[in-house]
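Colleague: This is the structure alone, sequence omitted:
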């Protein structure tokens, strides 16, 4: 089993920045893909970013490119999501996930999930 705990969410004004952290514990693996997803009220869970732990390849949707950066510290078993130039439409609960998905952009391929951290961006 792997436990994932997110932190770093909060309330920020539009244009501001936040850095989310995801600490992994338990039977972690160097081959995991670590992903960030978000879900706003009434909407489906949405892919935000992913990183392959073994080679640090990163993936983003078009909506996040240039504003969000995913990174990892394997020694600390922690993945980060730096979010800049935040917009009100970024408001959501942000979830960290781990697994071996065939498609890193699909939530169904991830096995382990954190409980999420709320990000609220005011206009």
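Modeller: All right, it came through fine. Model, not experiment: these values are computed from the prediction.
Colleague: residue ranges with poor pLDDT in this structure?
Modeller: Per-residue confidence for the chain (pLDDT under 70) gives these ranges: 30.
Colleague: Based on its surroundings, how many neighbours for the residue lying closest to residue 113 once chain neighbours are set aside?
Modeller: Taking CB to CB, 6 or more residues apart in numbering as the measure, residue 113 lies nearest to residue 97, with 5.1 Å between them; neighbours along the chain are not counted. Glycine gets a C-beta too; all of them are placed from N, C-alpha and C. Using other CB atoms under 10 Å, residue 97 has 25 other residues around it.
Colleague: residues in contact with residue 97?
Modeller: 4, 34-37, 107, 110-114 (CB atoms under 8 Å, 6 or more residues apart in numbering).
Colleague: Repeat that for residue 52.
Modeller: With CB under 8 Å, 6+ apart as the criterion, the residues that contact residue 52 are 33, 58, 104.
Colleague: Three-state assignment for the last one, please.
Modeller: Per DSSP: H, G, I helix; E, B strand; the rest coil, the local secondary structure of residue 104 is coil.
Colleague: Find the nearest non-adjacent residue to it, please.
Modeller: Taking CB to CB, 6+ apart, and ignoring the residues beside it in sequence, residue 104 has residue 50 as its nearest neighbour in space, at 4.1 Å.
Colleague: Wait, a strand at the one you found?
Modeller: Yes - the assignment for residue 50 (three-state DSSP) places it in a strand.
Colleague: And for it, the neighbour number?
Modeller: Residue 50: 23 surrounding residues under other CB under 10 Å.
Colleague: pretty sure it is touching residue 37, no?
Modeller: No - at 9.2 Å, residue 50 and residue 37 do not qualify as touching, with contact defined as CB atoms under 8 Å.
Colleague: What does residue 122 show for phi and psi?
Modeller: Residue 122 adopts backbone torsions of phi -90, psi 150, taken as degrees, to the nearest 10.
Colleague: please begin residue numbering at 506 from this point
Modeller: In the new numbering, first residue 506, that becomes residue 627.
Colleague: Pretty sure it sits against residue 521.
Modeller: No - here residue 627 does not reach residue 521: they are 9.1 Å apart, not a contact under CB under 8 Å.
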